[in-house]
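**Student:** Make a model of this:
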Amino acid sequence: MNILMVLDHEFPADIRVEKEIQTLIFAGHAVDLACYTQKNRKHVEEAIGFKILRKSISKFILKTSVGALKFPFYFNFWYSFLEYLIKNNNYNAIHVHDLPLAKVGYDLSRKHNLKFILDLHENWPVLMDLSPHTKSLLGRFLHSNRQWLEYERKYATLADGVVVVADEMKNRLLNKGVVNNKIFTVPNTTDIDIYNNLKDNSSNSNNLILFYSGGINKHRGIEIIIMGLGKMSLPSNFSFWIVGKGRNEAQLKNLVNELNLNKCVHFLGWKSQKEVYELTLQSDVTVIPHLKNEHSDNTSPNKIFHYMLAKKPVIASNCNYIQNIIEKENCGIIYKNDSPDDFVEKLKMLLKDSDRRSLLGENGYKAVINNYNWENTSKALINLYKTFN
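**Tutor:** Predicted coordinates for the structure are as follows:
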């Protein structure tokens, strides 16, 4: 099939989208990727095996996306762009990443007799409800969680196929009233070669390193970790490395100062993916501290598979998807997401028992090698497209 993929942000980088494209190309499909640009990137660019087709977007049009269900500016931008591409290319399917452009993708698919695939990376209605920009006076006027839930139910039902990142997300959609027998789960798993040519020197170090990588926002739960560390008598060789950026960083640094943790809590900033992998290998325990909500319960963070593949035990909050994997594979320990005290108890268990850390790490590694890897889990994406033959 000739597939038009649609991504409503900049590309690169989006690792999941690129992996999906390469999987489909390997399966014999042809793919073009449509996206916007604010960075004056080329409007037509040849990537490895596919074309990137871009259209410049103004700040005003982009900002109106939060109110797209009430005002048509953002949708109109995409209708115009995608209509042009479809008329000038022989596509068989339109594959829309994430919920916002579902209406655009569906309408154009019916107008031009294309298959419509809706690829849901996130629990979008809940994610938007958690976002600070929907809490302002203007945000509350433009955003309606009820409307987004109705929108999600409508277009996930109308789609010729739906891709989700977790079975928990699939069950959530069905429980919300979505009627579709073509919902395929493609988790955010990893390629098994990401640590090739990188050395794990953690066993040769006298340090004990707790490691987090990702966004630094309120719902990520890093505050709970820092509060917990403030309650502990920490070993002199202990460090907590935080890799990433986000709007909550200044507040967390203030909390570190208040709790006199400056010597052991280190904000390392944004790092390249290779640098993140190298730092992961240097660590002893990894952490996924997301606060529990309807979004974190139903999504698949790729960091869990990176940690497991690195043979690092995972201490994680009790979000459904993450908890299910960790308990099934015995590759870490779960704590109550909003309890610094429970986190402390679980961290102490791991810090004092190197044999247990090794066992949990080995269990996670084997689970990724045998099951939770992209080569295996991406088969569901190929199988979805096979249903259109």
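
**Student:** Against which helices or strands is the longest helix along the chain packed?
**Tutor:** For the chain, the longest helix by residue count, based on DSSP state H, is helix 354-370. Other elements packing on helix 354-370 under the criterion 3 or more CB pairs under 8 Å, 6 or more residues apart in numbering; DSSP states H and E are helix 303-309, helix 320-329, strand 332-335, helix 340-351. Any C-beta I mention is one placed from the backbone N, CA and C, and that applies to glycine too.

**Student:** deepest of these, which one?
**Tutor:** Greatest average neighbour count among these goes to helix 303-309 (a mean of 26), per mean count of other CB atoms under 10 Å.

**Student:** about what we covered before: how about the helix or strand just after the longest helix of the chain as PDB, C-alpha atoms only?
**Tutor:** Per DSSP states H and E, the first helix or strand lying C-terminal to helix 354-370 is helix 374-377. What follows is helix 374-377, C-alpha atoms only, in PDB (Å, rounded to 0.1, in the frame of the first residue of the first chain):
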ATOM      1  CA  TRP A 374      10.400  -4.000  18.500                       C
ATOM      2  CA  GLU A 375      11.100  -6.800  16.100                       C
ATOM      3  CA  ASN A 376       8.500  -8.900  17.900                       C
ATOM      4  CA  THR A 377       5.800  -6.400  19.000                       C
END
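
**Student:** ok, and what's touching helix 374-377?
**Tutor:** For helix 374-377, contacts defined as CB atoms under 8 Å, 6 or more residues apart in numbering pick out K19, T23, T185, V186, P187, T189, T190, D191, I192, N371.

**Student:** ok, 6 Å please
**Tutor:** With CB atoms under 6 Å, 6 or more residues apart in numbering as the test, helix 374-377 has contacts from K19, P187, T189, D191.

**Student:** S378 versus the second one, what's the distance?
**Tutor:** For P187, the distance to S378 (CB to CB, to the nearest Å) stands at 9 Å.

**Student:** higher neighbour count, those two?
**Tutor:** Using other CB atoms under 10 Å as the criterion, P187 and S378 rank with P187 on top: 27 against 21.

**Student:** Let me know the secondary structure of the residue nearest to that one when sequence neighbours are not counted.
**Tutor:** Closest residue in space to P187, ignoring its immediate chain neighbours: S300 at 4.5 Å, by CB to CB, 6 or more residues apart in numbering. Per DSSP: H, G, I helix; E, B strand; the rest coil, the local secondary structure of S300 is coil.

**Student:** Could you report the pLDDT at S300?
**Tutor:** Here the pLDDT value assigned to S300 is 87.

**Student:** related to what we said a few turns ago, any chance of JSON lines for the helices and strands packed on helix 354-370, columns mean pLDDT and distance to N40?
**Tutor:** Formatted as JSON lines, the helices and strands packed on helix 354-370 follow (pLDDT from 0 to 100; distance: least, CB to CB, whole Å):
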{"stretch": "helix 303-309", "mean pLDDT": "97", "distance to N40": "31"}
{"stretch": "helix 320-329", "mean pLDDT": "96", "distance to N40": "38"}
{"stretch": "strand 332-335", "mean pLDDT": "98", "distance to N40": "44"}
{"stretch": "helix 340-351", "mean pLDDT": "96", "distance to N40": "45"}
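
**Student:** Mind checking the ones you listed for the one nearest to D119?
**Tutor:** helix 320-329 (17.4 Å; CB to CB).

**Student:** could you pull out the strands for the stretch 101-250 of the chain?
**Tutor:** 115-120, 161-164, 183-185, 208-213, 238-243 (DSSP state E, counting those that start in this stretch).

**Student:** Among these, which comes closest to N363?
**Tutor:** Taking those one by one with CB to CB, strand 208-213 is closest: 18.1 Å.

**Student:** Pull up the pairing partners for that closest one, direction included.
**Tutor:** strand 238-243 (parallel), strand 285-288 (parallel) (DSSP bridges).

**Student:** Contacts for it, please.
**Tutor:** Here strand 208-213 has contacts from 235, 237-244, 276, 283-287, 303, 351, using CB under 6 Å, 6+ apart.

**Student:** Repeat the analysis, applying 8 Å as the threshold.
**Tutor:** 202, 222, 225, 235, 237-244, 271, 276, 279-280, 282-289, 303, 306, 312, 347, 351.

**Student:** what distance separates it from the centre of its chain?
**Tutor:** 20 Å (CA atoms, centre = their mean, to the nearest Å).

**Student:** next one: stretch 258-272
**Tutor:** 23 Å.

**Student:** With stretch 74-88 instead?
**Tutor:** Using CA atoms, centre = their mean, the mean C-alpha position of stretch 74-88 is found 27 Å from that of the whole chain.

**Student:** Pull it out as PDB, backbone CA atoms only.
**Tutor:** Extracted in PDB, the C-alpha atoms of stretch 74-88 (Å, rounded to 0.1, in the frame of the first residue of the first chain):
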ATOM      1  CA  TYR A  74      -6.000  24.300  12.900                       C
ATOM      2  CA  PHE A  75      -8.100  21.800  11.100                       C
ATOM      3  CA  ASN A  76      -8.300  24.100   8.100                       C
ATOM      4  CA  PHE A  77      -4.500  24.200   7.900                       C
ATOM      5  CA  TRP A  78      -4.300  20.500   7.800                       C
ATOM      6  CA  TYR A  79      -7.200  20.000   5.400                       C
ATOM      7  CA  SER A  80      -5.500  22.300   2.900                       C
ATOM      8  CA  PHE A  81      -2.100  20.600   3.300                       C
ATOM      9  CA  LEU A  82      -3.200  17.000   3.100                       C
ATOM     10  CA  GLU A  83      -5.800  17.600   0.300                       C
ATOM     11  CA  TYR A  84      -2.900  18.900  -1.800                       C
ATOM     12  CA  LEU A  85      -0.800  15.800  -1.100                       C
ATOM     13  CA  ILE A  86      -3.500  13.300  -1.700                       C
ATOM     14  CA  LYS A  87      -4.500  14.900  -5.000                       C
ATOM     15  CA  ASN A  88      -0.900  14.800  -6.200                       C
END
